[in-house]
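A.B. asks: Sequence first, then the predicted structure, then my questions.
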Amino acid sequence: MKKLNKTLLLLVTVSTIFSCSTEGTDKEPAPEIRTVEDVIADFQNLNIQPGINDVRLETLITGTYWNFRVIAPSDASESNKRPLAIDLHGASGGSPSAHKNTDCYTEEGLQALNAFIIVPNAGFDEWYDSTNQQQILALVDLAKANWHVNPDQVIITGYSNGGNGSWFFADFYPELFSAAIPMASSYDPARSSGEVPAIEVPLYVIHGEDDELFPLAETQAFVNESIDAGSSIEFVVATGLSHLDVCDYTSYLQDAVTWVQTEIWD
């Protein structure tokens, strides 16, 4: 049996705690718990073809699914392992199709990577909520273990709420990612104590000059705080773009990909 790694062990712990927390109450019966081996087997049985694949994976809780899009390269092999990119969609509120809007900037913006791209759906939760932390950690881990992925070339990106999420994962899970590309985001790097720690993962932060939801000056201030703390951040202002000009970020994302390839991976 494949040795369980820390990500899947974490999922077991969380699901066990969740199950125990509902036992002994008269509200709802405890959910049925699946095994890690069940999840691994289901992932291995996904029929991932080159191009776009919309799939769902049952989690450790019976009847609960992760819905996500996979854009797979055509030439991945044991001798040609490809990068992995996690792209976090913007907005929140539980749109069942939020992970399918990849024709705007994702497909063209990340094309030069020729990577496996996973676009998860956040459901009704924020990207930093424990449910989505479990989802991202598990999908990264499962992809690296079962696909032809270069484990040293894993990045995370996202727009708006997804941009905040990509910054969060770079901050708290630096062992998973070699770079992060937050777009149209506003992430306060300070802890509740007021301390601003250095983020170990290099970031390429892209922000619209006329962003009306997250003012440029606020994001610039957060970037400067993080740089002063020792973080490595490239900050790029997207001239004339507002928060709603999502698809116009494509060329800026392409520049970020070049940065990853030449400055981070080279």
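C.D. replies: Structure's in. What do you need? Numbers count the residues shown, from 1 in each chain.
A.B. asks: With the flanking residues excluded, which residue is spatially nearest to residue 57?
C.D. replies: residue 66 (4.9 Å; CB to CB, 6 or more residues apart in numbering). (C-beta placed from N, C-alpha, C; glycine too.)
A.B. asks: now do residue 127
C.D. replies: residue 165 (2.9 Å).
A.B. asks: Wait, the one you found touches residue 87, no?
C.D. replies: No: using CB atoms under 8 Å, residue 165 is not in contact with residue 87, being 10.1 Å away.
A.B. asks: circling back: quick check: the residue nearest to residue 57 vs residue 58, distance?
C.D. replies: 8 Å (CB to CB, to the nearest Å).
A.B. asks: So these two - more neighbours on which side?
C.D. replies: Here residue 66 and residue 58 are compared on neighbour count by other CB atoms under 10 Å; more neighbours surround residue 66, at 23 against 15.
A.B. asks: mind listing what that one touches?
C.D. replies: By CB atoms under 8 Å, 6 or more residues apart in numbering, residue 66 lies in contact with 56-57, 59, 120-121, 135, 138-139.
A.B. asks: quick one: which of the residues you listed is nearest to residue 41?
C.D. replies: Nearest to residue 41, judged by CB to CB, of the contacts of residue 66 is residue 57 at 10.7 Å.
A.B. asks: which residues touch the strand or helix carrying the closest one?
C.D. replies: For residue 57, the element it lies in under DSSP states H and E is strand 51-58. With contacts defined as CB under 8 Å, 6+ apart, strand 51-58 is touched by 34, 38-39, 42-43, 46-48, 64-72, 74, 99-100, 102.
A.B. asks: got the buried residues for the very next helix or strand once past it?
C.D. replies: Proceeding N to C from strand 51-58, the next assigned helix or strand is strand 65-72, under DSSP H and E. Across strand 65-72, burial judged by 16 or more other CB atoms under 10 Å covers 66-72.
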